[in-house]
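>>> just coords:
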């Protein structure tokens, strides 16, 4: 190992803030190395004066021979190990609600282009797909509406 490689690894490990961890692979990547094992070797040989306890395996576990001491040092910084590994990160927050007025049941609506005039046409599937209305013609009076159909009433005999 050359001294420059050792110093790059030492610099990365020193820059890990208290209460945070990195994996050996992340340290290797930040130091410009290809091998996570080389990071472990450097820390084993020349890392006793570094915050070596902030470097864990990729799965969040400690190496067995240092697990107890590493867990104690991390606990002192506010990081609690669960069953010998870091707990998984919390799930990301849900996306903010859409501020646009949304149809409460979007599966009932679809939009298409009006074949005659190129307007946007809304199809309401809840009404059998027959209720069509051009967006440009909403509230435009009778010319934009479908003609009402007459329902024959049955007389009771």
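Nice, I can see it. Keep in mind the model is a prediction, meaning the values are calculated, not measured.
>>> per-residue pLDDT, the residue nearest to residue 63 when sequence neighbours are not counted?
Leaving out its chain neighbours, the residue that sits closest to residue 63 by Cβ to Cβ, 6 or more residues apart in numbering is residue 57, at 7.0 Å. (Glycine included, C-beta is placed from N, CA and C.) pLDDT for residue 57: 93.
>>> Could you do residue 33 as well?
94.
>>> My read is that it contacts residue 9, right?
Yes - using Cβ atoms under 8 Å as the test, residue 33 is close enough to residue 9 to be in contact (7.3 Å).
>>> Out of the two, name the residue with the larger neighbour count.
residue 9 (28 against 19; other Cβ atoms under 10 Å).
>>> Quick check, pLDDT for the more buried one.
For residue 9, the predicted pLDDT is 95.
>>> part of a helix, is it?
Yes - when DSSP: H, G, I helix; E, B strand; the rest coil is applied, residue 9 is found to be in a helix.
>>> who's in contact with it?
For residue 9, the contact set (Cβ atoms under 8 Å, 6 or more residues apart in numbering) comprises 27-28, 31, 33, 38-39, 42-43.
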